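Student: sequence and computational prediction follow.
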Amino acid sequence: MNRILCGTSHRWSGAVGAFLALLLSAATLSVAHPAAAASALAPIDPSGFTMRAGDFTNRGTAIQRIEASGSVSVRTSPDQVLADGGHAGRAALCHDTNLDGSLKYDGFCWDQADDTSAVWTPQGLTGSHDAQPSGTWNGHYLYIASWHYTDNDYARITIAESTGTSVTYQHVLLVDPYSTGSGYTFRPVGGAGDRSGMDVLSGHADGVTWYGNKLFVATGHQMQVYDLRHLWKMSDTSTDQVGILGDGRSSARYHNWALPMVGVYFTGNTGDPCDATRPCLTSLSLDRTSSPDALVTSQIATKGGGPLIRWPLNASTALPDTDTADDYTGTVTATGAYTVPIWKVQGAATDGTSYYFSGECPETAGTTDSDVPYCIHRALPGAAPHVLTHAPPLTQNLSYAPSSGRLWGLNERQNTTTGKRVVFSLVPSA
């Protein structure tokens with residue numbers, strides 16, 4: 001169904017108690033045809049998928065020195081960033097979503113400038129429903145989206161609060177702190193910040209997940225790690241420069257805020273192919289229903305066949321669980337993996353029973369028309385996916401909220417005149 005939902009005001013809460021029972025009658029909720037290339041969501045051996053830890057120590061030192069210098073003003077929680085106000089979003093879905101109305105969908109829009117931006121593109125979505133089992137952070141319903149800039153030169157996140165009747169958000173530039181040899185500064189995450197002899201950091205910001213105080217950004221062969229206790233307010237927002245300026249002022253390319261990377265894990269090197277031993281991380285979500293908690297990544301594949309991978313988390317460090325005690329070093333080995341048969345998967349999430357995927361619809365798979373609806377597919381492990389609902393064009397990452405029983409997503413479709421971008425949620429069972 002094609003519907004526009006405006007003016008709604010509930011807080012997207014309320015668990016779905018009959019979920020498991022309704023899974024048994026999923027055919028009444030799903031489009032009859034299977035996903036393109038409709039083989040099963042097939043388990044594969046996860047032991048060949050690994051991530052190696054990069055540099056945490058030097059970044060930690062740089063963060064301490066920059067904060068001690070007084071060049072930045074530190075906030076220790078995302079809700080404190082919003083205490084300064086920010087952009088005003090629109091507390092309703094103000095574009096056609098293609099979502100099935102029986103799934104009780106809802107959501108919000110960005111402001112007109114971000115909705116129509118030709119240089120910043122949204123990719124990933126997470127929220128306080130990932131950060132804490134309660135679903136809130138210090139009593140707030142918060143959401144975090146990741147965005148990439150033209151040519152991936154910069155990356156940012158957006159911290160948003162939705163009350164159901166209003167949406168407020170702030171953009172935060174992602175930066176990498178380092179030593180210059182004579183002092184400490186930071187560079188943008190992305191192509192604009194490349195330096196000889198240092199890690200090339202991807203600025204595409206494919207997926208994002210919030211877990212305790214940590215924020216993970218999955219992009220290409222990298223799982224970048226940020227700590228939300230180190231949110232930096234800039235002293236100068238009038239320049240396009242990024243870093244500590246010569247007179248001690250801090251700047252993040254016109255942004256009020258910056259968030260420094262604390263570490264990174266690698267599945268391969270920049271320029272490596274995406275293959276069975278070096279997977280690319282093009283979506284990211286969290287699963288709290290298993291033990292241990294896990295990060296869930298997927299890899300886009302034009303005609304399906306990319307892996308979905310589960311990476312174990314250590315709740316005591318809020319980091320991926322490596323083969324060393326501190327999780328700042330060593331190697332993470334996947335604990336589960338599947339082959340996803342859906343074409344151009346952009347997002348993957350699980351409620352603990354089923355997996356949900358955003359990707360091309362069976363009837364339009366392979367099209368070059370970026371305005372056709374995407375589909376949200378549902379599959380049990382070992383079974384073929386089926387379409388749950390059509391979705392906004394170019395729907396990206398998905399995120400499941402156990403506290404409310406809702407599945408969240410956003411889309412990247414660019415329209416510089418009227419906009420086509422939304423943040424949405426739905427109940428994946430009636």
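Tutor: Looks like it came in fine. Residues are numbered from 1 along each chain as shown.

Student: A113 and H171, how far apart?
Tutor: Using Cβ to Cβ, to the nearest Å, we find A113 at a distance of 11 Å from H171. All C-beta atoms are positioned from the backbone trio N, CA, C, and that covers glycine.

Student: which residues does the closest residue to D287 other than its chain neighbours bridge with?
Tutor: Spatial nearest neighbour of D287, chain neighbours left out: A294 (4.7 Å); criterion: Cβ to Cβ, 6 or more residues apart in numbering. Counting by DSSP bridges, A294 forms beta bridges with D287, P312.

Student: for the helix or strand that contains S251, packing partners?
Tutor: Using DSSP states H and E, S251 sits in strand 250-252. Strand 250-252 sits against strand 242-244, with contacts defined as 3 or more Cβ pairs under 8 Å, 6 or more residues apart in numbering; DSSP states H and E.

Student: the strand it packs on pairs with which strands, and in what direction?
Tutor: strand 250-252 (antiparallel).

Student: from what I see, W137 and S128 are in contact.
Tutor: Yes - proximity of W137 to S128 meets the contact threshold set by Cβ atoms under 8 Å, at 4.0 Å.

Student: okay, and for the chain, where does confidence drop off?
Tutor: Scanning the chain for pLDDT under 70 picks out the ranges 1-38, 194-197, 430.

Student: so for stretch 259-270, what gets flagged as buried?
Tutor: Within stretch 259-270, the residues that count as buried by 16 or more other Cβ atoms under 10 Å are L259, P260, M261, V262, G263, V264, Y265, F266, T267, G268.

Student: helix or strand right after the strand holding S251?
Tutor: In N-to-C order, the element after strand 250-252 by DSSP H and E is strand 257-266.

Student: and the helices in the stretch 1-150 of the chain, which stretches?
Tutor: 19-23, 57-69, 78-82, 112-115, 128-131 (DSSP state H, counting those that start in this stretch).

Student: and the last one, what does it pack against?
Tutor: Right, the one you point to is helix 128-131. Against helix 128-131 (3+ Cβ pairs under 8 Å, 6+ apart) you get strand 142-149, strand 207-211, strand 395-401.

Student: if we use 6 Å, what do you get?
Tutor: Contacts defined by 3 or more Cβ pairs under 6 Å, 6 or more residues apart in numbering; DSSP states H and E place helix 128-131 against strand 207-211.

Student: whatever helix or strand comes next after the strand it packs on pairs with which strands, and in what direction?
Tutor: Next in sequence after strand 207-211, counting helices and strands by DSSP H and E, comes strand 214-219. Partners of strand 214-219 in the sheet, by DSSP bridges, are strand 207-211 (antiparallel), strand 222-227 (antiparallel).

Student: can I get these in JSON lines including distance to P381 and mean neighbour count?
Tutor: Shown next, in JSON lines, are the strands paired with strand 214-219 (distance: least, Cβ to Cβ, whole Å; neighbours: other Cβ atoms under 10 Å):
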{"stretch": "strand 207-211", "distance to P381": "21", "mean neighbour count": "28"}
{"stretch": "strand 222-227", "distance to P381": "23", "mean neighbour count": "24"}
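
Student: okay but A118 is in contact with N415, surely?
Tutor: No - with contact defined as Cβ atoms under 6 Å, A118 does not count as touching N415 (9.6 Å).

Student: rewinding a little: looking at A113 and H171, which is more packed in?
Tutor: Using other Cβ atoms under 10 Å as the criterion, A113 and H171 rank with H171 on top: 21 against 10.

Student: if we can go back for a sec, just the helices of the stretch 1-150 of the chain: most buried one?
Tutor: Mean neighbours per residue, mean count of other Cβ atoms under 10 Å, is largest over these for helix 128-131, with a mean of 26.

Student: how distant is that one from the center of its chain?
Tutor: With Cα atoms, centre = their mean, to the nearest Å as the basis, helix 128-131 stands 12 Å off its chain's centre.
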